[in-house]
Structures are given as C-alpha cells and as structure tokens.
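[1] Here is a sequence with its predicted model. Questions after.
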Amino acid sequence: MSKKKEASKGQSISRRTFLKAGVAATAGAVLSPLIRVSPAGAAGEVVLGWPTGITGFAGPWARSQLQAINQIMDEFNAAGGFKSLGGAKLKIIVADTKTDLKLQVSETEKMINVNKVRLFIGPAGSASSMVGSAVSDKYGCVMVDQCTADTLTERGLKYYFRTCCKASDNGKAAVAFGWYMYKDLDKKFKKVAVLHSDDAWGTAAGKTEEAECLKHSEWEFVGRIAYPAAKMIDATDYISRIKGQGVEVLLQSSTPETGIIVQQAVKSVDFNPLANIHGHGAPYKKEYVDALGKDAEYVYCATQFVADMLKKYPKNAQDYCARYKKRYKGEDVDDNSATQSTTLATYISAIERARSADPDKVREALTKTEMWIGDSPYVIAGSGVKFDETNHNVRATTFMHQVREGLLRCVWPDKFKTRDPLWPVPKWRDRK
C-alpha cells in the first residue's frame, strides 16, 4: 500500500510525521501510535473518526490533541472500556488531511462510506471543522468538536456539538480583562488597537474585540488590522504602524506560528505597550514560548485552561494531568489538549448513557449532558459541559493568564488566580 493510500485510510501517527511537517514536538515526548484502522462496528469496539490536519497549518494544535487522545483512549480501555456495552473498547481512526479543506471533505466521506464511521471528533482548525461538520451532518453522523469560530454552531446543524468557547467569548474576555485593569485596578490607558489573523476564528475574535472596545467611551479605539494568516512571514509593517499611532494596549488573536512572528516584530521595532493581550491563540502553545524564550515573558492570553490552574482543581483532574505530564516527558496539558480531553469525556459519557454507538441515540444523550469539572478526570476545560439549543457548550469558560518564568500563570478572575497581573509590563530595554 502506498503512503498516500495508507494515510487516507487512517494510520499510526509517528513523531517523524510531526517533525517533517515542521511541528515542534517536545524533546523526548512520547507520541504513542493510535490503533490501526479496521472497519467501524467490529465486535467489542466503539469507533470514533478523526480526519484532521496532522500536518500543515493546524499541526501545532493537532499535536497536543493527539497526545490527549492517546492518553485517554489507553486509560479508558485499560479500565474496562464501555461498561454499558459489555466492555467494548474505544478505537480512534486518524487520517491526515494536511489542513487542506478539499482533503477534509474527501477523508471525512471516506471514513463514512468505506470505514462506516458514524461518530467523529472535530478536526483541528475552525475552517476544517466548518467543512468537515457539514459533511458529517449531511450523513447523519455526530461530530463533537473543540473549534471556536462562532458560525460553527449558527448553521442549524443537528449532529454537530461544540465543547469549547466561541471565538467571540474569548474576545469578550480579553476586553473584559482590560476593563477590569482599567476600572478596578486603576491601570489607566487611552489608545487600544486590535490585530488578528484573517481566518474565521481570528476574524470572529477580532470583530468582537473591536465591538467590545467601542462600548467604552473612556478609550480611543485606533483600529482593527487583519493579516493573512497563511502567508505572513514578517509583521514589522503592522507593528510599526500600531506603534506609530501610540497604541497603549494591543489586543491580538494569532495562531502559534504567526503569533511568534508578531512578537518578534514587537521586539524588533521596540514597541512597548502597557499590555499585549491575546484573546486566544499563540501564547498557550508550548511552541510559542519555546521559540521566543524570554521574549514571550509578560504576554497575556485568554484560554479555558492552563496547568497553573490545577492547584485549584479536583484531585481526579490533577491526577490525570500528572499522568499526562509523566507520559509526555514533562509536557503539561495545555488548552488544546484540555479541550480535546473534555471532548472525549463528553463522548464517553454520552455513549455510556446511550448504551449504544448509534448516532441518533448518542446525539440524544449529548443533548442531555450535565457535567462539571471533577465529574470525570478528563473534564478540565472551562467549567463543565452542558449544551444549549444550538449545541454549544454554555459551561465553556475563559480565563486570563500571563507568561511568567516561561509558564502561563492565571491572573483573572480571582477564583483561579495564582499570580497578580504585572501591568505595565517592563520595557524591552529594562528586561534582563
């Protein structure tokens, strides 16, 4: 079988695959292979399909999601599998779509028509999720997803469910944190600007940040700038323009790759905002801090989870994250692996309660899901899971963090805060 055909049917994902794609893997991290493909519905198995961009633009997100999938699948099966289905084991079929939208469609259709998959995990990246979920819904197949573009749950799809925050929720949280600093902590500033990637997720977050900023007459909104996410190789012009306009607080929504480029430009043009706040995106990925080192310090990022919050979590969640860290040679669960963990916990709960892998029965069970942090060791993103009439998780919650000593530390709200926010951040010339 050719490599191309093997990939289209689902295969073990090796460390080499990630490195060839330019996705930075943690040194020594063990990316254990997924179970090899077999037709869905085999005796004693419940099969979930995951056609996703293992390589390409979405690779950095997929890497940690894959790690969470491996961890949970192995633990769940070792604990006896689905009790209500006589111990049926969980199996995941993976196909690399290379973050290509045409491949996302074709690989999803192959899993449905060839492998007879009826239950899907959403792909990494909102654009891929948009087209993949349209296909799965057309065939009456369930997809539980962790992508953030608002429009994903605004299309009236019957079988699509989202476990994480919307991009607009992240944007609202970023501005709410800025207002908290301005009003409650008396950190006054005037000029605010928004910079974001031009994809569906970045645009949704950026437009929300603009709208939320305009609600505060105390601020002068300088403007919103969108850059080409797939093509940007240098952000100097964008940052020079923002600096020249006297911007004091910069709100961002950037992918890990482009976020690194933006931060390099922030330093190279000696731009010193009071705060650089990512509504979501780059800083929560380990690749961001690894690439930038000390230059990542003091950047803010809104996410549903960082490992720093664990000290205020239930013990079962702490223990799961400790096992994850041990397996992956010191790498913490991040926002991406946390949302994927929550997605799998949601699926496992629904299938157990449905006592079936039939998509209509699983869908019905999903609509009745009521989970909080601690109800399962794998529910660790946001506050829990409960779906509204659009199949969006209303318990998805965003928190604000700041990079300190190379790690994201929770700074807002007070319930999960482990550090006070450092505002204003030190100027480049004053950093050691």
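    Sure thing, it's come through. Numbers count the residues shown, from 1 in each chain.

[2] what pairs with the helix or strand where Val144 lies, and is each one parallel or antiparallel?
    Secondary structure assigned from DSSP states H and E places Val144 in strand 142-145. Here strand 142-145 is paired, per DSSP bridges, with strand 119-121 (parallel), strand 160-162 (parallel).

[3] which residues does the residue nearest to Tyr378 when sequence neighbours are not counted contact?
    In space, not counting the residues next to it along the chain, Tyr378 is nearest to Ala345; the distance is 3.7 Å by Cβ to Cβ, 6 or more residues apart in numbering. No exception for glycine: its C-beta is placed from N, CA and C like everyone else's. By Cβ atoms under 8 Å, 6 or more residues apart in numbering, Ala345 lies in contact with Ile72, Met371, Ser376, Pro377, Tyr378, Val379, Val385.

[4] Next, count neighbours for Asp234.
    Asp234 is flanked by 12 other residues according to other Cβ atoms under 10 Å.

[5] So it: helix, strand or coil?
    Here Asp234 takes the coil state, with states given by DSSP: H, G, I helix; E, B strand; the rest coil.

[6] My guess is it contacts Thr258. True?
    No - here Asp234 does not reach Thr258: they are 10.5 Å apart, not a contact under Cβ atoms under 8 Å.

[7] what is Cys301 paired to in the beta sheet?
    Under DSSP bridges, the beta-bridge partners of Cys301 are His278, His401.

[8] and it, what pLDDT?
    At Cys301, the pLDDT value in this model is 94.

[9] Run a quick neighbour tally on it.
    As a burial measure, Cys301 scores 28 neighbours (other Cβ under 10 Å).

[10] And for Asn272?
    Neighbouring residues of Asn272 were enumerated by other Cβ under 10 Å; the total is 17.

[11] how about JSON lines for the strands paired with strand 142-145, with mean pLDDT added?
    Written out in JSON lines, the entries for the strands paired with strand 142-145 read as follows (pLDDT from 0 to 100):
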{"stretch": "strand 119-121", "mean pLDDT": "97"}
{"stretch": "strand 160-162", "mean pLDDT": "98"}
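
[12] Go through those and name the closest to Ala193.
    Comparing those by their distance to Ala193 (Cβ to Cβ), the top pick is strand 160-162, with 29.1 Å.

[13] Would you state the helices of this structure in chain order?
    Per DSSP state H, the chain has helices spanning 3-9, 15-20, 59-78, 101-113, 126-138, 167-179, 200-213, 236-244, 256-268, 286-292, 315-327, 335-354, 359-367. These are given in chain order.

[14] Please dump the ones you listed into CSV; it should also carry distance to Arg404 for every row.
    Below are the helices of the chain laid out as CSV (distance: least, Cβ to Cβ, whole Å):
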stretch, distance to Arg404
helix 3-9, 40
helix 15-20, 28
helix 59-78, 21
helix 101-113, 37
helix 126-138, 29
helix 167-179, 16
helix 200-213, 23
helix 236-244, 23
helix 256-268, 16
helix 286-292, 11
helix 315-327, 19
helix 335-354, 17
helix 359-367, 38
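
[15] Tell me how far Asn77 lies from Asn316.
    Between Asn77 and Asn316 the distance is 18 Å, computed by Cβ to Cβ, to the nearest Å.

[16] Pretty sure Ala296 sits against Val289.
    Yes - here Ala296 lies in contact with Val289, judged by Cβ under 8 Å, at a distance of 4.7 Å.

[17] before we move on, back to that, can you say which of the strands paired with strand 142-145 is nearest to Asp308?
    The minimum distance between Asp308 and these falls on strand 160-162, with 24.9 Å, by Cβ to Cβ.
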